[in-house]
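**Student:** Sequence and predicted structure are below.
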Amino acid sequence: MYILSIVFLIFLVLLKLETKKTNPANIDMLSLFVLIFVSAFSYHNGWDSYNYKGFFDSIVAGGWDVVTTYSLFGLEFGYLTYLYLMSLLTSEYQVVVIVQSVFLNVIIFSAIRRLKFNYTLFALLFFSSFFIKFELSTIRQGIAVAIVTLSYKHLIFQNFRKFTTTILIASLFHYSALIMLIFYFFNKINISRKFAINLAVFALPAFFLALMAKDFVFILLSDSPLSGIPVANKIIAYFSKSNNTGLPLIQLFSLALYIYFCVFLYDHKDPRSKLTISLFTFLIVIQFYSKMLPSLLLVRLEYYFIFSQLFIWLLLFEKLSIKNKIPNILLLIIIIPFFNLYISLRNPYDRQAYLPYYSYIEFVFFDKKTRSKAALEKLAKGYK
């Protein structure tokens, strides 16, 4: 399913590039449909499907009291309210999946089109990279990330009221979205090409220096009066779950892409380029300069800035299109999506959780069994 969808999206990108008679908006709508279809009819793919189904089934059985109880344990009120409202309409969890798929993808579609990016190319790059995680697994944060993309336009026009409102709504689905409130003021810094390159040069030393301070931060936070606060308590718990002390290759790729953008592609006259360098710079700060914090927390924060990597490919595509460098465009369209998919499924445990793709349609019409909850739990215990 993943490969077939990527091939079809590649075809749509090429069609949009070469065909003048076809309305580009119609091609964008087809691309949107592909993303909605795959996530709407996903049936227990990824890590968290059974957890979300369990939340919904509990709310169907217990009503609003369950929403109140779950919210006290840290689950976001916005997503629980959504499940409650859906429970008033249906007891079938797959309907919940379909509605949230439409909601999430339409929001991203609207945000990307507002930024004047090529949505079909974005859909291809997104599907082959972060789609699997945002739409088939970490659904709450996937919805939060989608809502945050709506705030990008408010960042460009520096509309603090609309930006803040958007972020507060996103935080109702995942509290980590509140990091964007800090980013708003970071975005006001006029990040020059020279500053960005210097930040990249010192990224590796900063990574290892920050790593050495990890134990100190843990002790400091554990002994502080703030340790009893739920947020601090969760961060302390993350420390025990994050033992990675190496430098992941994926972060080196991120740094290389950042340097390429700063040196060869950044255009201070283009608002989208300025937004991209601001988002990506903050991502580099999280990935390399904040290693004293638990990795599990940092990964959660990265998600709100990770689209900047896709924006680089979109800006490069536009540049190549203007110069009519068709061979380079073809290489970009064909190679990058499969490279992204390889990165997304580089971990063997993730491959077993997401491959093969199971469809609700296959389950209904062909009685095809999916992964059991026990099998996923067994897989999760060995996850590295």
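**Tutor:** Arrived safely.
**Student:** tell me which element the closest residue to Ile139 other than its chain neighbours falls in.
**Tutor:** Nearest in space to Ile139, with sequence neighbours left out and distances taken as Cβ to Cβ, 6 or more residues apart in numbering, is Tyr52 at 5.9 Å. C-beta coordinates here come from the backbone N, C-alpha and C atoms, glycine included. Using DSSP states H and E, Tyr52 sits in helix 49-62.
**Student:** and the helix or strand following that helix, what other elements does it pack with?
**Tutor:** Next along the chain after helix 49-62, taking DSSP H and E as the criterion, comes helix 64-72. With contacts taken as 3 or more Cβ pairs under 8 Å, 6 or more residues apart in numbering; DSSP states H and E, helix 64-72 sits against helix 49-62, helix 77-89.
**Student:** and helix 64-72, which residues are buried?
**Tutor:** Buried positions in helix 64-72, judged by neighbour count with 16 or more other Cβ atoms under 10 Å: Val66, Val67, Tyr70.
**Student:** From the chain's centroid, how far away is it?
**Tutor:** 27 Å (Cα atoms, centre = their mean, to the nearest Å).
**Student:** tell me which helix or strand of this protein sits lowest on mean pLDDT?
**Tutor:** Scoring the helices and strands of the chain by mean pLDDT, DSSP states H and E places helix 230-241 at the bottom, with a mean of 70.
**Student:** Pull out the buried residues from the very next helix or strand once past that one.
**Tutor:** Counting by DSSP H and E, the next helix or strand C-terminal to helix 230-241 is helix 249-260. Of all the residues in helix 249-260, those buried under the rule 16+ other Cβ under 10 Å are Gln251, Ser254, Leu255, Leu257, Tyr258, Ile259.
**Student:** Pull the most distant pair out of these.
**Tutor:** Gln251 and Ile259 (12.8 Å; Cβ to Cβ).
**Student:** ok now do Ile329, which residues does it touch?
**Tutor:** If you count contacts by Cβ atoms under 8 Å, 6 or more residues apart in numbering, Ile329 has them with Leu17, Phe317, Leu320, Ser321.
**Student:** which one of these sits closest to Tyr289?
**Tutor:** Checking these against Tyr289 with Cβ to Cβ, the nearest one is Phe317 at 29.8 Å.
**Student:** so the closest one makes contact with Leu121?
**Tutor:** Yes - the pair Phe317 / Leu121 is scored as a contact, 5.8 Å apart, by Cβ atoms under 8 Å.
**Student:** Next secondary structure after the helix or strand containing Phe8?
**Tutor:** Assigned by DSSP H and E, Phe8 falls within helix 2-18. Next in sequence after helix 2-18, counting helices and strands by DSSP H and E, comes helix 24-40.
**Student:** which helices and strands does that following helix pack with?
**Tutor:** Judged by 3+ Cβ pairs under 8 Å, 6+ apart, the packing partners of helix 24-40 are helix 2-18, helix 93-114, helix 119-127, helix 131-136.
**Student:** which residues touch it?
**Tutor:** Contact with helix 24-40 is made by 1-2, 5, 8-9, 12, 15-16, 97-98, 101-102, 104-106, 109, 113, 119-120, 123-124, 126-127, 131, 135-136, 357, as judged by Cβ under 8 Å, 6+ apart.
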